[in-house]
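Asker: Sequence below, structure please.
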Amino acid sequence: MATKNEDQWLERFGDALENSKGSNFFNIFGEDFEEVKAADEKTVWTVVEGDGNENQYLLPGFHAVNRIGYVLSERPITEEELASGEWDEVLWFDGDDLVPARGV
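Answerer: Numbering: from 1, shown residues only. As a prediction, the model looks like this:
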């Protein structure tokens with residue numbers, strides 16, 4: 001199975017929705033997590049860290065292992081797409097594209 005990329009995801013699922021703070025990244029606790037729990041489950045994507053690299057991936061639905069946050073899509077994933085596994089791994093950020101936080 002080939003890994004999908006961020007551009008392919010955006011083309012299929014639309015923009016990542018913003019939380020109440022104007023960010024498209026939802027934290028795993030607090031108000032952000034409450035917004036995620038209230039969303040249509042078929043629009044929830046878990047952001048996970050890659051094993052042994054700096055890459056971040058989107059996985060459809062709720063996941064706990066290596067989870068760093070959530071993204072909500074404009075359009076839901078279908079049952080057929082879930083069953084096919086074609087969206088089981090979406091390269092969201094390549095480690096080369098990540099910018100370290102200031103002061104690090």
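Asker: Which elements pack onto the helix or strand bottoming out on mean pLDDT in the chain?
Answerer: Each helix and strand of the chain was given a mean pLDDT (mean pLDDT, DSSP states H and E); the minimum falls on strand 90-93 at a mean of 88. Applying 3 or more C-beta pairs under 8 Å, 6 or more residues apart in numbering; DSSP states H and E, we find strand 90-93 packed against strand 4-5, helix 6-13, strand 56-60. Just so you know, the C-beta spots here come from the backbone N, C-alpha and C atoms, and that holds for glycine as well.
Asker: Pull up the pairing partners for that strand, direction included.
Answerer: With DSSP bridges as the test, strand 90-93 is paired with strand 4-5 (parallel), strand 56-60 (antiparallel).
Asker: Looking at the ones you listed, which one is packed in the most?
Answerer: Among the strands paired with strand 90-93, strand 56-60 has the highest mean neighbour count (mean count of other C-beta atoms under 10 Å), at a mean of 21.
Asker: which outside residues touch it?
Answerer: For strand 56-60, the surrounding residues in contact (C-beta atoms under 8 Å, 6 or more residues apart in numbering) are 3, 9, 44-50, 68, 71, 77, 81-82, 87-93, 98.
Asker: ok, now how distant is residue 19 from residue 83?
Answerer: 29 Å (C-beta to C-beta, to the nearest Å).
Asker: Which one's more surrounded, those two?
Answerer: A count of neighbours by other C-beta atoms under 10 Å puts residue 19 above the other of residue 19 and residue 83, at 18 against 8.
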